[in-house]
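Undergrad: after the sequence you'll find the predicted model.
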Amino acid sequence: MLSLNFRLCSMSPCTVSLDDQTTMHFWTPNHRQLNKPTLVLIHGYGGNSRWQFFTQVWPLSRSFNLYVPDLLFFGKSYTNWTDRSELFQARCIREGLKRLSVNKFSVVGISYGGYVTYRMAEIYQDEVEKVVIMSSGICYTDDQKEEQLKKIGRNVFDLIVPEKAQDMRLFMNLCIYKSSPFKLIPNFFLMGFVQTICKKNRKEKLELAEYMLSRKADPNLPILPKALGTKIKASNTQGQWSCSYY
């Protein structure tokens, strides 16, 4: 059903081989329109491109040529290389876009995808036009990270790569600010999600999380030149977020 939603937005799946070790999966426009700008959407840690953006592709596809990749180890993207950094993820997405003949683009990243988006904007300044990063703790301090982990009071890896429906429910409740709709979803549905999404490439996903959590905060993060002096106005209506620049 999620794939059908993307296809109704005139998008098709595409797998790109970057080398003999790495493949990147994208949803791409069936026909790129020259009068539309190009927008790349980078999903977060919990699922893949279809789950993260299924409510956004319809309104955004009317204004943009959309490219929606699966991050490595999520969906159908995979590598045998051992690099687990967000910088490697950023380079793989950019290389995949090159293979798809995408040279200039704006990029949106949410949560873990925000880290990848930040690195893309840092190292590909000539290609990236505009940047939107949401719900991503890029500027955290070590004290803030420790405080958040203590608040959870659980092994965080059991939640971000859950094996039980109860862990999946707790993880989603932590992610949603107000009343969570997941309270009404039965355990068998959540367990199906765990079996289908979370258990695939579980070892590699844990390695990604361990890499992120083990890193010390960087007090000298590079400044994105295109972000200077830019204000972003964001809104959320019926599950469809939008961002505008002014």
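TA: The structure has been received and is ready for your questions. Please read all numbers here as calculations on a predicted model, not as lab measurements.
Undergrad: distance of the most centrally placed residue in the chain from L184?
TA: In the chain, the residue lying closest to the centroid (C-alpha atoms, centre = their mean) is H43, at 1.8 Å. Distance from H43 to L184, counting by C-beta to C-beta, to the nearest Å: 24 Å. (Each C-beta comes from the backbone N, C-alpha and C, glycine too.)
Undergrad: cool, and V116?
TA: On the measure of C-beta to C-beta, V116 and L184 end up 32 Å apart.
Undergrad: the more surrounded of those two?
TA: V116 (29 against 7; other C-beta atoms under 10 Å).
Undergrad: was I right about the residue nearest to the centre of the chain contacting L71?
TA: Yes: under the contact definition of C-beta atoms under 8 Å, H43 touches L71, with a separation of 6.5 Å.
Undergrad: who touches both of those two?
TA: G113 (C-beta atoms under 8 Å, 6 or more residues apart in numbering).
Undergrad: so for the helix or strand where R7 lies, what's the average pLDDT?
TA: Per DSSP states H and E: R7 is located in helix 2-8. The pLDDT scores in helix 2-8 average 84.
Undergrad: elements contacting that helix?
TA: If you count contacts as 3 or more C-beta pairs under 8 Å, 6 or more residues apart in numbering; DSSP states H and E, helix 2-8 packs onto strand 11-17, helix 49-53, helix 57-61.
Undergrad: hmm, 7 Å instead?
TA: helix 49-53 (3 or more C-beta pairs under 7 Å, 6 or more residues apart in numbering; DSSP states H and E).
Undergrad: any idea how far the helix it packs on is from the middle of the chain?
TA: Counting by C-alpha atoms, centre = their mean, to the nearest Å, helix 49-53 is centred 9 Å from the centre of its parent chain.
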